[in-house]
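>>> following is a predicted model, sequence given first.
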Amino acid sequence: MSKKIYNVTSPLAGTFYKAPSPEDEPFAAVGKHVKKNSIICIIESMKVFTELRSDYSGTVKSILLEDEAIVAKDQPLIEIELD
């Protein structure tokens, strides 16, 4: 039986950030285990920073775009393979 994949999508249009600042480690990385409710990325829109949290625990399978990429509402951002 294959594991289920959870797609994290952007709740709004804006700019995607993997980390809180360029000097910091990314919230999520491919192969890293994330827990339910942990911050996995930030979307900045109109100078407001929105932290996105994982709805499930699992392992990051892929990050679908580069840091500082422009994203659209409902665009897939990160795939998480559920535990």
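Everything's here; your move. Values in this document were obtained by computation on a predicted structure and should not be read as measured data. Numbering: from 1, shown residues only.

>>> residue contacts, the spatially closest residue to residue 62 that is not a sequence neighbour?
Closest residue in space to residue 62, ignoring its immediate chain neighbours: residue 79 at 4.7 Å, by Cβ to Cβ, 6 or more residues apart in numbering. C-betas here are computed from N, CA, C, even on glycine. For residue 79, the contacting residues are 5, 6, 7, 8, 60, 61, 62, 64, by Cβ atoms under 8 Å, 6 or more residues apart in numbering.

>>> can you list the weak-confidence ranges in the protein?
1-2 (pLDDT under 70).

>>> what about the strands in it?
5-9, 14-17, 33-34, 39-45, 48-53, 58-63, 70-71, 76-82 (DSSP state E).

>>> Serialize those to TSV and add fields for distance to residue 26.
Shown next, in TSV, are the strands of the chain (distance: least, Cβ to Cβ, whole Å):
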stretch	distance to residue 26
strand 5-9	14
strand 14-17	9
strand 33-34	11
strand 39-45	8
strand 48-53	13
strand 58-63	8
strand 70-71	16
strand 76-82	11
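
>>> to residue 27, which of these lies closest?
Closest to residue 27 of these, according to Cβ to Cβ: strand 39-45, at 5.0 Å.

>>> residues making contact with stretch 45-61?
Residues from elsewhere that reach stretch 45-61 (Cβ under 8 Å, 6+ apart): 5-6, 8, 10-15, 17, 28-44, 77-83.

>>> any idea how far it is from the chain center?
Remark: stretch 45-61 is offset 4 Å from the chain centroid, using Cα atoms, centre = their mean, to the nearest Å.

>>> picking that back up, got TSV for the contacts of residue 79, with distance to residue 71 too?
Listed next are the contacts of residue 79 as TSV, based on distance: Cβ to Cβ, whole Å:
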residue	distance to residue 71
5	19
6	17
7	13
8	11
60	17
61	18
62	15
64	10
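
>>> many thanks, we can stop here.
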